[in-house]
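Trainee: I'll drop the sequence and a predicted model, then ask my questions.
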Amino acid sequence: MCSGSFAKCLGISLMPLAIVCVLCNILLFFPSGKPVESENITEEVWYFGGILGSGVLMIFPALVFLGLKNNDCCGCCGNESCGRRFAMLSSILFAAVGVLGAGYSVIVSAVAINHGPKCKIVNGTEMVWDTPFSNGMMEPSRHSLQ
């Protein structure tokens, strides 16, 4: 069974996706493209779902998958298939790391969607930062978005 070519293709596709996830998480720190104070950024952004979960924990499996095609070990301890077995075991272990990273990212994203973003809103006559979409619903009588 030769899955090295598929693994290399998978590794090539995971690298740019991990980079995009890291960049998207970094952009969350700059709402409207402007730096804001840390208390005006939602708590879920500080969990680093895109940087840690979808970024760093996806780069490890991608690098392992990229190296699987070139892993033609002639064996260890007199067993010719030992190198390939180790390569497949390492790919399974690093795939599990990728699944954990993806799971972490999905959980952080689901919590963030439920809590809603922090928005600059008009409360009476002043502008304040609040989460008007908390629990998926906006309270129209209390807030006006700007």
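Mentor: Arrived safely.
Trainee: Tell me where this structure has helices.
Mentor: 4-27, 57-68, 82-115 (DSSP state H).
Trainee: what's the angle from the longest one to helix 4-27?
Mentor: Between the axes of helix 82-115 and helix 4-27, defined by axes from the mean of the first three to the mean of the last three C-alpha atoms, to 10 degrees, the angle is 30 degrees.
Trainee: if we can go back for a sec, deepest of the helices of the chain, which one?
Mentor: helix 57-68 (a mean of 20; mean count of other C-beta atoms under 10 Å). For glycine as for every other residue, the C-beta is placed from the backbone atoms N, C-alpha and C.
Trainee: hmm, who's touching it?
Mentor: Here helix 57-68 makes contact (C-beta atoms under 8 Å, 6 or more residues apart in numbering) with 3-4, 7-8, 10-12, 14-15, 17-18, 21, 87, 90-91, 94-95, 97-98, 100-102, 104.
Trainee: re earlier: for the helices of the chain, give me CSV that also has distance to Phe48 and mean pLDDT.
Mentor: Shown next, in CSV, are the helices of the chain (distance: least, C-beta to C-beta, whole Å; pLDDT from 0 to 100):
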stretch, distance to Phe48, mean pLDDT
helix 4-27, 6, 89
helix 57-68, 11, 88
helix 82-115, 8, 87
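Trainee: Distance to Gly33 for those helices - can I get that in a markdown table?
Mentor: Below are those laid out as a markdown table (distance: least, C-beta to C-beta, whole Å):
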| stretch | distance to Gly33 |
| --- | --- |
| helix 4-27 | 8 |
| helix 57-68 | 26 |
| helix 82-115 | 20 |
